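**Q** mind looking at a prediction? Sequence and model below.
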2 protein chains.
Amino acid sequence: MSRTSSVAALFPFQLLKPDLERVEKAIRGQARAFDPSVEPYVAYVCGTSGKRIRPALTFLAGGATGAVTADHHKIAVTLELIHIATLVHDDIIDGAEIRRLAPTANAKWGNALSVLLGDSLFAHALMLSTEFDDQTIGRRVAKAANAVCAGEIIQTQRRFDFQLSREDYFDIIRKKTAALFAAAMDLGAYLNGQPEPVVNALRDYGTDIGTAYQIYDDCLDLVGSEEEAGKTLRTDINKGKLTLPILNLIASATPRQREKLSNLLLQKEPVDLSALANIADYEGAIESAIETGLEFVGRARESLVVLPSNPHAAALRKITDFLSGLLEGCRQ
Amino acid sequence: MSRTSSVAALFPFQLLKPDLERVEKAIRGQARAFDPSVEPYVAYVCGTSGKRIRPALTFLAGGATGAVTADHHKIAVTLELIHIATLVHDDIIDGAEIRRLAPTANAKWGNALSVLLGDSLFAHALMLSTEFDDQTIGRRVAKAANAVCAGEIIQTQRRFDFQLSREDYFDIIRKKTAALFAAAMDLGAYLNGQPEPVVNALRDYGTDIGTAYQIYDDCLDLVGSEEEAGKTLRTDINKGKLTLPILNLIASATPRQREKLSNLLLQKEPVDLSALANIADYEGAIESAIETGLEFVGRARESLVVLPSNPHAAALRKITDFLSGLLEGCRQ
């Protein structure tokens, strides 16, 4: 299987087409809730950021456990706006100028406006989440948003920190990436009044898929080509983010090798990524990360046993197959 | 009366001492809710930012309408954390290096960490607000937080915009500054189960006091000395924020004068603030802003008629007297 990173391919767009089109309109419609002087900025970032993975998961969880309702759409919009807010701030932090072939907000309007734009989107999303009569929903959204922010700041704070354990790493990506995936699945089922075991199983699916997806992204950062990925690769490592293959490498290194890795990773010049990729491959560190990713995918698949047989449940299963394929494709 | 900007003097600290000490502990205690690798950053900004005005108002509204309860303390912490989050981001935007005699977060750790630190504080505060059983509270907090972000971004977007009307200006400061003052008063009364007219009257008090306070700050930016103010003054105008005295000046200017003002304000060199202050004074633009501020204070005072006679209500009245004095002190 090709190492295409087209996450779009992860999702059964035909099945979700009407819902995704409707959510697209709703997301852009939210821009009109802002002051006229701010609306164009909101509309721009909503149009150029976010792959609608979280809305898609919300709809799949909803469809698999009953029907996709107006409340599912509201949650889908809320979670995607939180995600877009974090992307706007990420791009400031990374000094990124391009996202999905379009200039980032900070490249277009500078950091000052982008900080406030992210804040406004974030505040707006959290306000939307409090509009439900059942306040469990607002609580879960706030908790997930909190986890994302916590994951991002711990990751940033521990850049270049060779003491980072694999447990720390999993804690970071569970918060930063998997929390919103988990909230999408969780709330998708919860809104249909599903019993707790089903809600929990689908939340676990979201956590595991989110974790596996991040591990795939980590591997791609080391073995992928930019043409395949459609984005700038190998930037995480240069920014000091210790990805799973690198953590595997550090864990298995002798003291002498750790010193070499330290020289390779901590020198201020751009890291020799091709050397690093070759070593990681030779030592089996990428292989091992792929195996870990596949374990998470396997667990996600098992969580789906709680679901009845229907097209949305089948699509959730297909996502696990597709993600396995992407991970397998990272083998050298 | 001296033009001291010591806002601390606004508040009856003797009356509120036990509550303010307890809230101080609680705010610092929140730092421990964060990851150990992040806690020191949270503790630092909570210790160096925020004047606890919002907690003080929450306690005064609570005490004036019954008792100050544990819920008042929780709201006080929540509102102050939101305020601190906005200060952390403001300092990035303004490139500020010092706040209240201490280095800002961005000066100490750079913009990347500070963006995420503000986000984390903000997300944490909103999560706290969803923990109340009564979800009206979470909704009002989210709405106020949303207003603050909206006010900040509209203000930034309309820097150097001579088309800004006084209505636009009042809309901005009502959102950016007065919304959290209003929420503090509103929720302080609401938590004591006060009837709607009382809650509304105290919310209006918060809005009017917040607005008057911002107008005072605007005047101080033009007429105050840095020693008196204890902070860097005359930065708003250089950053293109059109304050009320300047808007008054623009409104009364002839086309020829507008051109001169435009040259004075829009040139990229630092603005000749002393010339601007002299003109604003001569034209009565500062005087007029002071009068407007006093009108808001007067309205705030009238809102207090709903309260019974007690020390907390008396303190709220004293705040209006004190703020009037500060505004009067800005007359040249």
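**A** Yes, it's here.

**Q** what sits against A:His122?
**A** His isn't right for residue A:122; it's Phe. A:Phe122 makes contacts with A:81-82, A:85-86, A:145, B:119, B:122-123, B:149, as judged by CB atoms under 8 Å, 6 or more residues apart in numbering or on different chains. To be clear about C-beta, it is placed using only N, CA and C from the backbone, and glycine gets the same treatment.

**Q** can you list the low-confidence ranges for the stretch 151-300 of chain A?
**A** The stretch 151-300 of chain A contains residues with pLDDT under 70 at A:225-235, A:268-269.

**Q** ok and the residue in it nearest chain B?
**A** Closest contact between the stretch 151-300 of chain A and chain B, by CB to the nearest CB, is at A:Ile153 (4.1 Å).

**Q** quick one: that residue from A:Lys175, how far?
**A** According to CB to CB, to the nearest Å, A:Ile153 stands 10 Å off from A:Lys175.

**Q** what about those two, which has more around it?
**A** The neighbour comparison of A:Ile153 against A:Lys175 (other CB atoms under 10 Å in any protein chain shown) goes to A:Ile153, with 29 against 22.

**Q** tell me which element the closest residue to the more buried one other than its chain neighbours is part of?
**A** Excluding its sequence neighbours, the residue lying closest to A:Ile153 (CB to CB, 6 or more residues apart in numbering or on different chains) is B:Leu116, at 4.1 Å. According to DSSP states H and E, B:Leu116 maps onto helix B:105-129.

**Q** mind listing what's buried along that helix?
**A** For helix B:105-129, a neighbour-count test (16 or more other CB atoms under 10 Å in any protein chain shown) marks B:105-107, B:109, B:111-129 as buried.

**Q** can the helix or strand in which A:Glu24 is found be said to contact chain B?
**A** Secondary structure assignment for A:Glu24, by DSSP H and E: helix A:13-30. No - using CB under 8 Å from any CB of the partner chain, helix A:13-30 stays clear of chain B, with a minimum separation of 12.1 Å.

**Q** quick check: which helices or strands does the helix or strand following that helix pack against?
**A** Remark: after helix A:13-30, the chain's next helix or strand is helix A:39-48, criterion DSSP H and E. Packed against helix A:39-48 by the contact rule (3 or more CB pairs under 8 Å, 6 or more residues apart in numbering or on different chains; DSSP states H and E) you find helix A:13-30, helix A:70-94, helix A:105-129.

**Q** what is the burial count for A:His72?
**A** With other CB under 10 Å as criterion, A:His72 counts 24.

**Q** could you verify my assumption that A:Ala123 touches B:Lys143?
**A** No - shown here, A:Ala123 and B:Lys143 do not form a contact pair, counting by CB atoms under 8 Å, at 9.2 Å.

**Q** and the longest helix for chain A?
**A** helix A:196-223 (DSSP state H).

**Q** give me every residue in the stretch 101-250 of chain A lying close to chain B.
**A** Counting by CB under 8 Å from any CB, the stretch 101-250 of chain A sits next to chain B at A:111-113, A:115-120, A:122-124, A:126-127, A:129-131, A:135, A:138-139, A:142-143, A:145-146, A:148-150, A:152-154, A:156-158.

**Q** rerun at 6 Å
**A** Within the stretch 101-250 of chain A, the positions near chain B by CB under 6 Å from any CB of the partner chain are A:112-113, A:115-116, A:119-120, A:123-124, A:126-127, A:130, A:135, A:138-139, A:142-143, A:145-146, A:149, A:152-154, A:156-158.

**Q** sec struct for A:Gly293, please.
**A** helix (DSSP: H, G, I helix; E, B strand; the rest coil).

**Q** for it, what are its contacts?
**A** A:212, A:215-216, A:327 (CB atoms under 6 Å, 6 or more residues apart in numbering or on different chains).

**Q** what's stretch A:181-191 in contact with?
**A** A:54, A:57-58, A:61-62, A:65, A:71-72, A:75, A:79, A:140, A:144, A:198-199, A:202-203, A:205-207, A:209-210.

**Q** run the last query once more with 7 Å
**A** Under the criterion CB atoms under 7 Å, 6 or more residues apart in numbering or on different chains, residues A:54, A:57-58, A:60-62, A:65, A:69, A:71-72, A:75, A:79, A:137, A:140-141, A:144, A:198-199, A:202-203, A:205-207, A:209-210 lie in contact with stretch A:181-191.

**Q** likewise for stretch A:310-318?
**A** Contacts with stretch A:310-318, where a contact means CB under 7 Å, 6+ apart, come from A:12, A:15, A:60, A:63-64, A:205, A:301, A:304, A:307.

**Q** switch the cut-off to 6 Å
**A** Residues contacting stretch A:310-318 (CB under 6 Å, 6+ apart): A:12, A:15, A:60, A:63-64, A:304, A:307.

**Q** and stretch A:42-53, by the same measure?
**A** Stretch A:42-53 is contacted by residues A:7, A:27-28, A:31, A:34, A:80, A:83-84, A:87-88, A:102, A:105 when judged by CB under 6 Å, 6+ apart.

**Q** ends of that stretch, what's the gap?
**A** 19 Å (CA to CA, to the nearest Å).

**Q** list the buried residues of that stretch.
**A** A:42-46, A:48-53.

**Q** which of those sits closest to chain B?
**A** Among these, and counting by CB to the nearest CB, the member closest to chain B is A:Val42, at 9.3 Å.

**Q** quick one: the helices in the stretch 151-300 of chain A?
**A** Counting by DSSP state H, counting those that start in this stretch, the stretch 151-300 of chain A has helices at residues A:166-173, A:179-190, A:196-223, A:226-229, A:244-252, A:255-266, A:273-282, A:285-303.

**Q** quick one: the first one to helix A:196-223, angle?
**A** Inter-element angle recorded for helix A:166-173 and helix A:196-223: 110 degrees (by axes from the mean of the first three to the mean of the last three CA atoms, to 10 degrees).

**Q** with the last one instead?
**A** Helix A:285-303 and helix A:196-223 meet at an angle of 160 degrees, taking the same axes, to 10 degrees as the criterion.

**Q** how about helix A:285-303 as PDB, C-alpha atoms only?
**A** C-alpha atoms of helix A:285-303 as PDB (Å, rounded to 0.1, in the frame of the first residue of the first chain):
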ATOM      1  CA  ALA A 285      13.100   1.600  16.000                       C
ATOM      2  CA  ILE A 286      10.700   2.400  13.200                       C
ATOM      3  CA  GLU A 287       9.600  -1.200  13.000                       C
ATOM      4  CA  SER A 288       8.900  -1.200  16.700                       C
ATOM      5  CA  ALA A 289       6.800   2.000  16.500                       C
ATOM      6  CA  ILE A 290       4.800   0.500  13.600                       C
ATOM      7  CA  GLU A 291       4.100  -2.600  15.800                       C
ATOM      8  CA  THR A 292       3.000  -0.400  18.600                       C
ATOM      9  CA  GLY A 293       0.700   1.500  16.300                       C
ATOM     10  CA  LEU A 294      -0.800  -1.700  15.000                       C
ATOM     11  CA  GLU A 295      -1.500  -2.800  18.600                       C
ATOM     12  CA  PHE A 296      -3.500   0.300  19.100                       C
ATOM     13  CA  VAL A 297      -5.400  -0.300  15.900                       C
ATOM     14  CA  GLY A 298      -6.100  -3.900  17.000                       C
ATOM     15  CA  ARG A 299      -7.500  -2.600  20.300                       C
ATOM     16  CA  ALA A 300      -9.700  -0.100  18.500                       C
ATOM     17  CA  ARG A 301     -11.100  -2.800  16.300                       C
ATOM     18  CA  GLU A 302     -12.000  -4.900  19.400                       C
ATOM     19  CA  SER A 303     -13.900  -2.000  20.900                       C
END
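
**Q** buried stuff in it?
**A** A:285-290, A:292-294, A:296-297, A:299-301, A:303.

**Q** and A:Ala182, how many neighbours?
**A** Neighbour number of A:Ala182 under other CB under 10 Å is 25.

**Q** from B:Ile53, how far out is the residue of chain A positioned farthest from its centre?
**A** The outermost residue of chain A, judged against the average C-alpha position, is A:Arg256 (35.3 Å), by CA atoms, centre = their mean. Distance from A:Arg256 to B:Ile53, counting by CB to CB: 58 Å.
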